[in-house]
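Engineer: Provided below are the primary sequence and the corresponding predicted coordinates.
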Amino acid sequence: MKALVVDDVGYSRLIVQKALEQMDFEVVQASSGAEALHLLREEPAIDFVVSDLMMPDMDGIALIEEARKLDPPSEYETSFPPPFVLLTASLTPSLLVKAKKAGFIEIMVKPLDPERLRQVIDGYSGEDGETKSLDCAAVLKSVETTVAAAIENQDQDTVWKIRDRMQAEIVKINAYLEEQASDEEV
């Protein structure tokens with residue numbers, strides 16, 4: 001598997017690279033958001049991106065937003081853009097909500113905890129290394145964290161959006177379960 005590490009500080013990239021190499025990742029590095037976007041366009045099959053938040057040309061949140069606008073290279077066999085993990089020196093409830101809304105699968109506070117990074121990647125990758133959906137526990141933890149941050153930040157708009165989205169998802173879940181139950185009866 002291949003990972004992209006994005007950070008404007010060289011030793012920070014090296015720390016993340018070493019952790020990923022211990023997990024048998026091939027690692028490519030970018031020192032800016034612009035360089036990362038170039039690599040995402042040109043480098044075949046990047047499976048994960050680990051990005052710093054604060055960088056001079058564009059922050060990590062702008063990076064994931066721009067990555068979502070890219071057309072995937074023809075060589076991509078996995079989802080595009082790949083899953084993003086955000087690294088930050090400090091975490092506030094509003095940053096947590098903003099990062100989750102942007103699509104980061106995990107937000108980690110520096111210094112890097114290599115074991116936690118391994119857990120995040122293992123929770124997102126199947127045993128054969130293929131990218132898969134987050135497991136139920138990880139999804140629920142993410143929802144709990146996002147809701148708690150929105151409530152703590154007294155962000156009523158976000159809380160209402162989460163509630164409305166959750167209700168819509170529950171309708172889908174109920175329809176699926178009813179469909180499965182009727183298929184079993186046949």
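Structural biologist: Yes, it's here.
Engineer: Give me the distance from the lengthiest helix in the chain to the chain's centre.
Structural biologist: Using DSSP state H to define each element, the chain has its longest helix at helix 156-185. Its chain's average C-alpha position is 23 Å from that of helix 156-185, according to CA atoms, centre = their mean, to the nearest Å.
Engineer: Now that helix: buried residues?
Structural biologist: Residues of helix 156-185 classed as buried by neighbour count (16 or more other CB atoms under 10 Å): T158, V159, I162. Using the backbone N, CA and C atoms, a C-beta is placed for each residue, glycine as well.
Engineer: how close does the last one sit to Y124?
Structural biologist: So the one you mean is I162. Distance, I162 to Y124, by CB to CB, to the nearest Å: 22 Å.
Engineer: M54 now?
Structural biologist: 24 Å.
Engineer: Look at those two and report which has more neighbours.
Structural biologist: Y124 (20 against 13; other CB atoms under 10 Å).
Engineer: residue ranges with poor pLDDT in the chain?
Structural biologist: 44, 73-79, 125-142, 168-169, 171-172, 175-176, 184-186 (pLDDT under 70).
Engineer: What are the boundaries of the helices in it?
Structural biologist: Remark: helices assigned in the chain by DSSP H are 10-22, 33-42, 60-67, 93-102, 114-124, 136-152, 156-185.
Engineer: For the shortest one, list every residue counted as buried.
Structural biologist: By neighbour count with 16+ other CB under 10 Å, helix 60-67 contains the buried residues G60, I61, L63, I64, E66, A67.
Engineer: Adding distance to D24 as columns, could you present those residues in TSV?
Structural biologist: Shown next, in TSV, are these (distance: CB to CB, whole Å):
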residue	distance to D24
G60	25
I61	29
L63	25
I64	25
E66	29
A67	24
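Engineer: L4 versus I61, what's the distance?
Structural biologist: Distance from I61 to L4, by CB to CB: 16 Å.
Engineer: Kindly apply the preceding question to G33 instead.
Structural biologist: Applying CB to CB to G33 and L4 gives a distance of 11 Å.
Engineer: Kindly report the same for I121.
Structural biologist: 13 Å.
Engineer: Would you mind grabbing the residues shared as contacts by those two?
Structural biologist: Residues touching both I121 and L4 (CB atoms under 8 Å, 6 or more residues apart in numbering) are F48.
Engineer: okay but E21 is in contact with I15, surely?
Structural biologist: No: under the criterion of CB atoms under 8 Å, E21 makes no contact with I15, lying 11.0 Å away.
Engineer: More neighbours: which of those two?
Structural biologist: Per other CB under 10 Å, whichever of E21 and I15 has more neighbours is I15, with 18 against 12.
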